[in-house]
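In: Kindly generate the corresponding structure for this input.
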Amino acid sequence: MVLTRTCTWGVLLGLAALPGLALANPEVIKLSQDAKNWAMQAGNMQNHRYSALKQISTDNVKDLRVAWTFSTGVLRGHEGGPLVIGDMLYIHSPFPNKVFAIALADQQIKWKYEPKQDPTVIPVMCCDTVNRGLAYADGKIFLQQADTNLVALDARTGKELWKVKNGDPKKGETNTNAPHVFKDKVITGISGGEFGVRGYVAAYDIKTGNQVWKAYSTGPDAEMLMDPDKTMTWTDGRMAPVGRDSSLKTWQGDQWKIGGGTTWGWYSYDPKLNLMYYGSGNPSTWNPTQRPGDNKWSMTIWARDVDTGQAKWVYQMTPHDEWDFDGINEMILADGISVKGKPHNVVVHFDRNGFGYTLDRTSGELLVAAKYDPKVNWATHVDMKTGRPQVVKQYSTQAQGQDVNTKGVCPAALGSKDQQPAAYNPANKLFYVPTNHVCMDYEPFKVEYTAGQPFVGATLSMFPAPGSHGGMGNFIVWDAGTGKIVKSKPEKFSVWSGALVTAGGVACYGTLEGYLKCVDANDISKELYKFKTPSGIIGNVNTWEYKGKQYIGVLSGIGGWAGIGLAAGLEKDTDGLGAVGGYKELKNYTELGGVLTVFSLP
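Out: Purely as a prediction, here's the structure:
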C-alpha cells in the first residue's frame, strides 16, 4: 500500500488496522520515506536528518521568506522540532510540556494539550526545562513529560488515551528526551545523572502503555539485560564476551546504585537487525576520586534487541569519566561507509569527549575513533586495540586530585558536541556536525549523596578554545570512514541546533544569536542564507512539503545548558555548571522566546 500525499486519517487508521501491520514500524517507515512528511524527530529511524526534497536549492535558498510563525507561550529553552504528518503539524514546548496540533491549511490550532505537572520537578532538572520533542505512531502522539509521565494522545483530537509513570522526581528522576517508536514499542530513557540517578531505557506497548522491558546501564547483569557470555565488547582488538558482573566489578561497593549512566539522548533503529542504538551518560558524581574503577556501563554505546531489550554489544568510550563527557549523543546509521577500503554498515557517534566514533553496527567492532575538534587535549588518541582513550595527565582531574583546579581542559563538560544532532547526507556519505569549541577549568570536591539533591561535586568555568578563531563553535563536515574533518566553518557561539541537509544541496542550522543559516552542502564556507529569528536557536531544523511547496521550520527559544543564564535568570559565572560565565555575552545578542518560524520560497 502506498500512502497518498495528504496522508488522510482514514488511510492512516486503515493501515494501522491491517493484519500483520499492527506494529507501528510499517506505518512510521512509510511516513518517513515520504519526504513530504517529517514523521520522526530525526526524519527517519536511522537519525539521518536528511530530506529528499529539493525545491529549495542552492540556487534559490537566498529567496526564502517567513511564511508564518507560531508562539508556544513558554519563555524557556526550546529543543527538538515539529512533526509533520500529512496536513497536520505537531509542536511541543518546554515545561509544562504543552502540545499543539496545527492545521497546515490555515495554521489554526486544532487542539492543545497542557499537562498539569507539579512545579517541584523544575529544581531537579539539571540544565533548563527543555523537552526534545514528540513521536507519532498508530494514530497517537507520544509525549514524554518532565515529571516522567509518558502520555499517548489521540492525534486527531488530543484526547489522553493512556499515561504511565516512567520514574520518580523525588529521587531526581526526570525526562527531557523525545520518545521513539520502534515496532510496537515506544522507547524512552531517563535524566538525572547530576542527582545520582541510575540510568535505564524502558519500552512500553504503544497500544496499552504497559511496560514491556526495562534495562539499566549499571548493576547486576540481569538488571542490565546483559548476557555475560553473549553480550560482546571490543577487547584486545576483537569482539569478546563482557563476562560475568562486568559492571559490578568496576564500581566500589554499591556505588552503581547511584552511578548515573542516564539515557536522555536520541535513539536509532535498524529494522533488519532489530537493534536499537543509544548512549549512556556520565557516571555520578562528577568527582572521579569518589568512584574508583571504569564505572561500567556509563559512557557507553549500546546495541539492544528491541523485542527483548537484551544487549547484543556495548562499547565504553570514556572509562572512569573525569570531565562529565556524557555519552548520550545521537547514533547515526549509515550504509556502505568505506573504512580502509572495506565497506561497512555502521553506527556513527560524535561524543561529548571530542572523538567521532565509527563502529560496525552488526558486530560492534571499533573501526574509527578520531578527534572532530582539533583543540581536544584531554587524551592524545584512542588506542584502537584496547578501545581506551590515552589520557593526558595534565588534564586528568583524577590525577590532579580533589580540590585542585585542573585548568585548560578541552573540550568543556558541554562536550565538543552536546545533544544537538548532526545530519547525514547519503548522496556524498558525509556528516554535517554542529559543534562546541569550548574549554574549561574543572575543580572536583567531595559531595555526599542525598536522594533528590544535586550530586555533582565539581565547580567549572568555561571559555572559548584558546589559540583558535576566538569563537565558541564550528559547523563541520566529517568523513566517518577516515575520521577527518573535511571542512570547518567557525561561529561566534556554539552551534546548538540540530542540522538539516537536503537533496537540494543545502545544509541548514541555527545559532545561539538566533540566526537560521543555510550553506552550500558541498562547500559549507558558502553561506547562502541568514535570517534573524526572535531568539537564540537550540531547536532542530526540519523540512516538509505541503500542497506542492517546501517549507523549513525551526524553533527559537534560548535556553538549554548554554543559554541557562538567560532562561533561568542565573548570574554568577559558575552558575549553570560554569555555562553562565562562558556564555554571558549571549545577553547582548538575543532575548527569551518560544517561536516556531516557518520559511518558504515566495
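
In: For residue 249, grab the count of nearby residues.
Out: Neighbours of residue 249 under the rule other CB atoms under 10 Å: 11. (C-beta placed from N, C-alpha, C; glycine too.)

In: May I have the predicted confidence score for it?
Out: At residue 249, the model reports a pLDDT of 98.

In: I'd assumed it was in a helix, is it?
Out: Yes - the assignment for residue 249 by DSSP: H, G, I helix; E, B strand; the rest coil puts it in a helix.

In: And it, how far from residue 460?
Out: 30 Å (CB to CB, to the nearest Å).

In: Low-confidence stretches in the protein?
Out: 1-24 (pLDDT under 70).

In: tell me the phi and psi of the nearest residue to residue 453 once chain neighbours are set aside?
Out: Excluding the flanking residues, the one nearest residue 453 by CB to CB, 6 or more residues apart in numbering is residue 195, at 6.9 Å. Backbone geometry at residue 195, expressed as degrees, to the nearest 10, gives phi -120, psi 20.

In: can you map out the strands along the stretch 251-400 of the chain?
Out: Per DSSP state E, counting those that start in this stretch, the stretch 251-400 of the chain carries strands over the ranges 268-270, 275-279, 300-305, 311-316, 331-339, 342-350, 355-360, 366-371, 379-382, 389-391.

In: Tell me how many other residues crowd the residue nearest to residue 237 when sequence neighbours are not counted.
Out: What sits nearest to residue 237 in space, not counting adjacent residues and going by CB to CB, 6+ apart, is residue 385, at 4.4 Å. Neighbourhood size, residue 385 [other CB under 10 Å]: 12.

In: distance of residue 385 from residue 239?
Out: In terms of CB to CB, residue 385 sits 13 Å off from residue 239.

In: ditto for residue 538
Out: For residue 538 relative to residue 239 (CB to CB), the value is 37 Å.

In: And those two? Which one has more around it.
Out: Legend: neighbour count by other CB under 10 Å for residue 538 and residue 239, higher for residue 538 (32 against 16).

In: Cross-check the contact I'm expecting between the more buried one and residue 495.
Out: No - in this structure, residue 538 is not within contact of residue 495 by CB atoms under 8 Å, at 9.8 Å.

In: shared neighbours of these two, which are they?
Out: Residues touching both residue 538 and residue 495 by CB atoms under 8 Å, 6 or more residues apart in numbering: 420, 510, 512.

In: What is the nearest of these to residue 95?
Out: Among the shared contacts of residue 538 and residue 495, residue 420 lies closest to residue 95 (CB to CB), at 19.6 Å.

In: Please tell me I have it right and residue 90 contacts residue 133.
Out: No - Residue 90 is not in contact with residue 133 according to CB under 8 Å; the separation is 9.1 Å.

In: With neighbour numbers in mind, choose between these two.
Out: Using other CB under 10 Å as the criterion, residue 90 and residue 133 rank with residue 133 on top: 30 against 24.

In: And what about that one, helix, strand or coil?
Out: Here residue 133 takes the coil state, with states given by three-state DSSP.

In: That one and residue 175 touch, don't they?
Out: No - shown here, residue 133 and residue 175 do not form a contact pair, counting by CB under 8 Å, at 12.0 Å.

In: in stretch 197-211, what counts as buried?
Out: By 16 or more other CB atoms under 10 Å, the buried positions in stretch 197-211 come out as 197, 198, 199, 200, 201, 202, 203, 204, 206, 207, 209.

In: List just the nearest of these to residue 390.
Out: Distance to residue 390 across these (CB to CB) is lowest for residue 199, with 26.5 Å.

In: Give me the phi and psi for the closest one.
Out: Dihedral angles for residue 199 - degrees, to the nearest 10 - are phi -70, psi 150.

In: closest one to residue 49 among the strands of the stretch 251-400 of the chain?
Out: Residue 49 sits nearest to strand 331-339 of all the strands of the stretch 251-400 of the chain, at 8.3 Å, using CB to CB.

In: That closest one versus strand 366-371: what angle between them?
Out: Computed by axes from the mean of the first three to the mean of the last three CA atoms, to 10 degrees, the angle separating strand 331-339 from strand 366-371 equals 100 degrees.

In: ends of stretch 239-257, how far apart?
Out: Taking CA to CA, to the nearest Å, stretch 239-257 runs 28 Å from one end to the other.
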